[in-house]
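S.K.: need the 3D shape of this:
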Amino acid sequence: MYSKHRNHNVRRFLAPEPLESREMLSGHGLAAFSHLAQALATVAEHQSARLDAQASLVASTQAGLSATFHLQSSVHGQTVLTATLTDPTNSAITGTATYKTSTQGGVATTQFKVSVNGALANSPLDISVGGTVIGQVTTDANGAANVVFSSNPEGTQLALPANFPTDIAAGATVSVGLASGELATPSHEGDDCHRAEVTVLSATLSDPTNSSLTGTATLKTHTEDGIVTTEFKASVKGAAANSTLDISVGGTVIGQLTTDANGAGKVVFSSNPQGDEQALPANFPADLAAGATVSVGAAAGELAAPSHGVGGQHRAVVTVLRASLTDPNSSATATATFHSKTKNDVTSTKFTVNVAGAAANSALDIAIDGTVIGQVNTDSMGAGSLVFSSNPNGDQVALPVNFPTTISGGATITVGTTTGSFAANASHSTGFQFGRRR
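M.R.: Residues are numbered from 1 along each chain as shown. Sure thing, here's the model as predicted:
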């Protein structure tokens, strides 16, 4: 039996899907805009923003080339408001808030994210929107915290509170503890333009005195709506078993990694940690660039942008399908989302279901076109959620062996007594180019 309950207060970081150029979009009509809205909306959800079987968003830093990728897309059908939170009596306390709504395939999604840094350590902070307290977030030992509320929660996201305001607009006040600010429309270049910037650097680590010791390191920064997210991953194999290894970036020891009985270990540091990720250390270098040295124990290497050359291009085929499920004989409702990405002949698949208003504390069959692929357990309120993935992490579960190999628009989804069909196939090919910075 597969089950998952929403009981965490952190969010997934997921870079947005790379999109087609504005020139290509001009010939695609409404379907293309639907794809774009989904690609941007899935940052959270998904974005499924989070997939961390995501295609790498990279750009060359060699020969004077930019190490950034600029993503632009229409945001028709999507509302984005952001706020920078401050405490006028304590400059060390800062925070951000992002409110997003979007509609894809007739399914509306609302997501609200908040984060805070420099607050009182290990303390619960009220979160208020437009004067209404919608929940709380608890800070860690460093006074940092973050949470994501969603009308279609996944992973560690929380369900949107019942008292969440339905009429949020620019000018609404958001507060987290003592930090507060007003929601506003992000300023972008051009009309109806959503802009994101991603930088990726990676390193292959080795020990010249021990060929069996290898490792990797990846630095990724993502800037969207004025909010910067930094993630640093390090892994090692063939090291001494059950040992603690220093991790150094640009000559600064930022933390440690512990190997298992096979001498392997990995760690993820993030400015917005989720699951077993660790908070980005306070001494993490802020000015890293290609050429910076990374070491994990005795294994070392230099960060560099993956080589693709000017005009080089990655392409991926992404399919996103959504369904709203209802039961004509009860108040039970559900949603289902299918997300598949194929890049470099590697396909990653994720299938998410959420149910509300069903029978409490019950196991509900999940079926696709009549084939039962698993079950989701509801809580005492009749709500439940579950994520199947071909590359599961956290509380996701492995994709069942009988999961259909082909799913398209029109497929019927059933969760308990609720049923619905996927909207028309939203498959599209995406690519991202590398070029000189302007």
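S.K.: when you work out contacts or count neighbours from here on, use the C-alpha atoms and nothing else.
M.R.: Fine.
S.K.: what pLDDT does Thr79 get?
M.R.: Thr79 is assigned 80 on the pLDDT scale.
S.K.: how about the CA coordinates for the helix or strand where it lies, as PDB?
M.R.: Assigned by DSSP states H and E, Thr79 belongs to strand 78-87. What follows is strand 78-87, C-alpha atoms only, in PDB (Å, rounded to 0.1, in the frame of the first residue of the first chain):
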ATOM      1  CA  GLN A  78      -0.800  33.300 -14.500                       C
ATOM      2  CA  THR A  79      -0.500  35.900 -11.700                       C
ATOM      3  CA  VAL A  80       2.700  36.400  -9.800                       C
ATOM      4  CA  LEU A  81       3.100  38.800  -6.900                       C
ATOM      5  CA  THR A  82       6.200  39.000  -4.700                       C
ATOM      6  CA  ALA A  83       7.300  40.800  -1.500                       C
ATOM      7  CA  THR A  84      10.500  41.500   0.200                       C
ATOM      8  CA  LEU A  85      10.100  41.300   4.000                       C
ATOM      9  CA  THR A  86      12.100  43.400   6.500                       C
ATOM     10  CA  ASP A  87      12.000  44.400  10.100                       C
END
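S.K.: elements contacting that strand?
M.R.: Counting contacts by 3 or more Cα pairs under 8 Å, 6 or more residues apart in numbering; DSSP states H and E, strand 78-87 packs against strand 90-104, strand 173-176, strand 179-182.
S.K.: looking at those strands, which is buried most?
M.R.: strand 173-176 (a mean of 26; mean count of other Cα atoms under 10 Å).
S.K.: quick one: contacts of that one?
M.R.: Residues from elsewhere that reach strand 173-176, judged by Cα atoms under 8 Å, 6 or more residues apart in numbering: 83, 85, 95, 97, 114, 116, 125-131, 180-183.
S.K.: picking that back up, ok, which of the helices and strands packed on strand 78-87 comes nearest Ile368?
M.R.: Ile368 lies closest to strand 90-104 among the helices and strands packed on strand 78-87, at 20.2 Å (Cα to Cα).
S.K.: how big is the angle separating the closest one from strand 78-87?
M.R.: 170 degrees (axes from the mean of the first three to the mean of the last three Cα atoms, to 10 degrees).
S.K.: shaky segments in the stretch 51-200 of the chain?
M.R.: 51-77, 103-106, 186-197 (pLDDT under 70).
S.K.: one more: the stretch 201-350 of the chain?
M.R.: In the stretch 201-350 of the chain, residues with pLDDT under 70: 224-226, 306-316, 343-345.
S.K.: switch to 80 and redo it
M.R.: Applying pLDDT under 80 to the stretch 201-350 of the chain flags the ranges 222-228, 274-275, 305-318, 342-346.
S.K.: what about the helices in the protein?
M.R.: Along the chain, counting by DSSP state H, helices occupy 22-25, 29-41.
S.K.: okay, domains of this protein per the record?
M.R.: 22-54+76-182, 195-302, 313-431 (automatic domain parsing).
S.K.: still on that earlier bit, select, out of the helices and strands packed on strand 78-87, the one closest to Asn262.
M.R.: Closest of the helices and strands packed on strand 78-87 to Asn262 is strand 90-104, at 40.6 Å (criterion: Cα to Cα).
S.K.: list the helices and strands the closest one packs on?
M.R.: Looks like strand 90-104 contacts helix 29-41, strand 78-87, strand 107-117, strand 179-182 (3+ Cα pairs under 8 Å, 6+ apart).
S.K.: look up how far Ser271 lies from Val116.
M.R.: To Ser271, Val116 is 11 Å away according to Cα to Cα, to the nearest Å.
S.K.: one more: Asn90?
M.R.: Distance from Asn90 to Ser271, by Cα to Cα: 21 Å.
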